[in-house]
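Colleague: I'd like to go over a predicted model; first the sequence, then the structure.
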Amino acid sequence: MKRVGVGVLLVAVFVAFAAHVVQAATQEEAKALAGKAMAYWKANGKDKAIAEFNNPTGSFVKGDLYVVVQSFEGVVLANGGNTKLVGQNHLEMKDPSGKLFVKDMIEVAKAGSGWVTYQWVNPVTKKIGTKKAWIQRVEGENLYINCGFFE
């Protein structure tokens, strides 16, 4: 009887792990979603874009992949992974390693675009993991779009 219980447990763990692996986004998908968000912004304007990026069931949230818009002052304007963060200022926010990752993102955005790696809570697993985010400045604005994946 114990063997059956252990076997069932092992199968359950394997299925859960396989489901997580299937859901995990890639670097290419993160960058592509950020590009899609930028195109949406240009086609529909700031207000409509921010509303759509904040929609947790919209087209800019896919598992652990979602779009964030933040100002150069650190204020969150959109966060499809956690809309409770909208309106908060994260300029001085540190990840668990002590990294001022929002300041890093702002510097990258001021230069145009690039990647920033930091620690963040995965909305699917609810655990802290290493996240690598594509940062892209919104043309003509002191804002950037951020879309990252968990490594």
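Modeller: Received, thanks. Residues are numbered from 1 along each chain as shown.

Colleague: how about Val116, phi and psi?
Modeller: phi -130, psi 130 (degrees, to the nearest 10).

Colleague: show me what contacts it?
Modeller: Residues counted as contacts of Val116 (C-beta atoms under 8 Å, 6 or more residues apart in numbering) are 101, 104-105, 108, 132-133, 135. Just so you know, the C-beta spots here come from the backbone N, C-alpha and C atoms, and that holds for glycine as well.

Colleague: try Glu92
Modeller: With contact set as C-beta under 8 Å, 6+ apart, Glu92 has these partners: 74, 100, 102.

Colleague: Select from those the one having the most neighbours.
Modeller: Val102 (24 neighbours; other C-beta atoms under 10 Å).

Colleague: Nearest spatial neighbour of that one, chain-adjacent residues omitted?
Modeller: Leaving aside its chain neighbours, Val102 sits nearest to His90 (4.7 Å; criterion: C-beta to C-beta, 6 or more residues apart in numbering).

Colleague: Just give the number of residues close to that neighbour.
Modeller: 20.

Colleague: For it, give me phi and psi.
Modeller: Phi and psi for His90, reported as degrees, to the nearest 10, are phi -110, psi 20.

Colleague: if we can go back for a sec, please dump the contacts of Glu92 into CSV; it should also carry pLDDT and distance to Thr57 for every row.
Modeller: Output for these, formatted as CSV (pLDDT from 0 to 100; distance: C-beta to C-beta, whole Å):
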residue, pLDDT, distance to Thr57
Gly74, 98, 27
Leu100, 98, 32
Val102, 98, 26
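
Colleague: if we can go back for a sec, contact partners for the residue nearest to Val102?
Modeller: With contacts defined as C-beta under 8 Å, 6+ apart, His90 is in contact with 70, 74-76, 102.

Colleague: Please apply the same query to Lys127.
Modeller: Val121.

Colleague: now with 10 Å?
Modeller: Taking C-beta atoms under 10 Å, 6 or more residues apart in numbering, we find Lys127 in contact with 121, 150.

Colleague: mind checking pLDDT for it?
Modeller: Lys127 carries a pLDDT value of 92.

Colleague: Next one: Glu92 from Lys103, what distance?
Modeller: 8 Å (C-beta to C-beta, to the nearest Å).
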